[in-house]
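Undergrad: have a look; sequence and predicted model below, questions after that.
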Amino acid sequence: MRIPHIYTDLPITLGGSQILSKEKSHHISRVLRLSPGHPLTLFCADGYTYQAEISQIDSLGVKVIATAKMPDKRESKLGLTLVQSICRGEKMDWIVQKATELGVSNIVPLFSERTEVKLSSEKSEKKRAHWQAISIAAAEQAKRQHVPHILSPVVLDTYLANNSDHKERHDQNLHATKEKPPAAQHERSIILVMNPHTGISLQEISKTPNQCAILIGPEGGFSEKENALFDAHQLTHIKMGPRILRTETAAITAMALCQAHWGDLG
């Protein structure tokens with residue numbers, strides 16, 4: 001029996017009922033053709049999966065009742081943020097979908113110097129909403145308990161300025177843990193820049209971060225000016241093997257490696 005996993009932006013209470021959104025109701029009643037009494041699971045990003053069942057289907061939509069809740073078992077211990085230079089066509093949609101499946105917490109669409117996509121403020125918000133919808137669908141498919149937050153597109157300088165306390169936290173953590181053996185060292189956050197020409201491997205990073213941000217450049221890569229800016233912020237350059245990867249391949253590879261090294265893959 002197929003048990004759909006459905007996201008709702010409303011709080012879920014045990015024994016309480018709610019009517020699903022128009023889109024979810026249409027999918028359940030018209031596409032899946034389910035009937036009252038059919039089981040499903042719900043999630044609302046509160047860290048739980050709720051067992052539920054369809055109680056009623058009418059012109060108002062599909063009404064469901066939550067009957068039990070189960071704790072988080074599918075979210076990674078690594079808080080992973082993908083900072084992705086916006087790509088053309090459906091590539092960005094594909095990256096958002098796969099990033100969600102791989103367990104990222106946040107996705108930051110990025111305007112870098114060589115980003116070819118240009119968006120007005122209005123179009124940026126429409127794109128953000130579009131990518132958020134893709135992420136919700138992917139989270140349902142992956143049976144996650146959380147949906148990644150898609151931030152509004154931002155220029156690189158602004159992103160780095162908003163994360164300018166990284167170096168301070170980095171230095172504080174180095175000072176606090178320098179007397180500890182490598183296996184016990186934990187750095188709260190780290191920002192990694194994927195660089196096909198230079199850098200270290202993940203295995204060479206001795207500390208285990210709780211939060212990790214991955215910066216992925218556009219098809220033309222980050223510019224020399226941007227790489228100098230990364231160095232000024234003391235970010236860590238990571239190289240993923242001898243071959244040059246497309247931006248979408250680099251994003252998926254980097255996320256999978258980070259989850260395998262520090263998260264919950266493998």
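TA: On my side now, so go ahead.

Undergrad: tally of neighbours for residue 90?
TA: Residues near residue 90, counting by other C-beta atoms under 10 Å, number 10. C-beta coordinates here come from the backbone N, C-alpha and C atoms, glycine included.

Undergrad: residue 236 versus the spatially closest residue to residue 116 that is not a sequence neighbour, what's the distance?
TA: Of all residues not flanking residue 116 in the chain, residue 88 sits nearest, at 6.2 Å (C-beta to C-beta, 6 or more residues apart in numbering). Computed with C-beta to C-beta, to the nearest Å, the distance linking residue 88 and residue 236 is 28 Å.

Undergrad: of these two, give the one with the bigger neighbour count.
TA: Neighbours were counted for residue 88 and for residue 236 using other C-beta under 10 Å; residue 236 has more, 16 against 11.

Undergrad: contacts only, for the closest residue in space to residue 149 that isn't next to it in sequence.
TA: Nearest residue to residue 149, sequence neighbours excluded (C-beta to C-beta, 6+ apart): residue 106, at 5.0 Å. Neighbour list for residue 106: 80, 81, 82, 148, 149, 150, 151 [criterion: C-beta atoms under 8 Å, 6 or more residues apart in numbering].

Undergrad: work out for me the element residue 265 sits within.
TA: Following DSSP states H and E, one finds residue 265 outside all helices and strands.

Undergrad: apologies, that question was intended for residue 64.
TA: Per DSSP H and E: residue 64 is located in strand 61-71.

Undergrad: how far off centre is that strand?
TA: 25 Å (C-alpha atoms, centre = their mean, to the nearest Å).

Undergrad: show me where pLDDT drops low in the stretch 101-250 of the chain?
TA: Applying pLDDT under 70 to the stretch 101-250 of the chain flags the ranges 164-187.

Undergrad: picking that back up, among the contacts of residue 106, name the ones in strands.
TA: Here DSSP state E is the test, and the contacts of residue 106 give 80, 81, 82, 149, 150 as lying in strands.

Undergrad: that's a strand at the residue nearest to residue 116, yeah?
TA: No - assessed with DSSP: H, G, I helix; E, B strand; the rest coil, residue 88 is coil; it does not lie in a strand.

Undergrad: tell me which residues in the longest helix seen in the chain are buried?
TA: In the chain, ranked by residue count with DSSP state H as the criterion, the top helix is helix 121-141. Using 16 or more other C-beta atoms under 10 Å as the test for burial, helix 121-141 gives 124, 127, 128, 131, 132, 134, 135, 136, 137, 138, 139, 140.

Undergrad: tell me which residues touch residue 149, please.
TA: 105, 106, 107.

Undergrad: in strands, which of those appear?
TA: Using DSSP E, 106, 107 are the members of these that sit in strands.

Undergrad: closest to residue 227 among the contacts of residue 149?
TA: residue 107 (22.4 Å; C-beta to C-beta).

Undergrad: hmm, that closest one is touching residue 84, no?
TA: Yes - counting by C-beta atoms under 8 Å, residue 107 does reach residue 84; the two are 6.5 Å apart.

Undergrad: what's the overlap in contacts for these two?
TA: Common contacts of residue 107 and residue 84, defined by C-beta under 8 Å, 6+ apart, comprise residue 99.

Undergrad: who's more crowded, those two?
TA: It is residue 84, of residue 107 and residue 84, that has more neighbours when counted by other C-beta under 10 Å, with 28 against 25.
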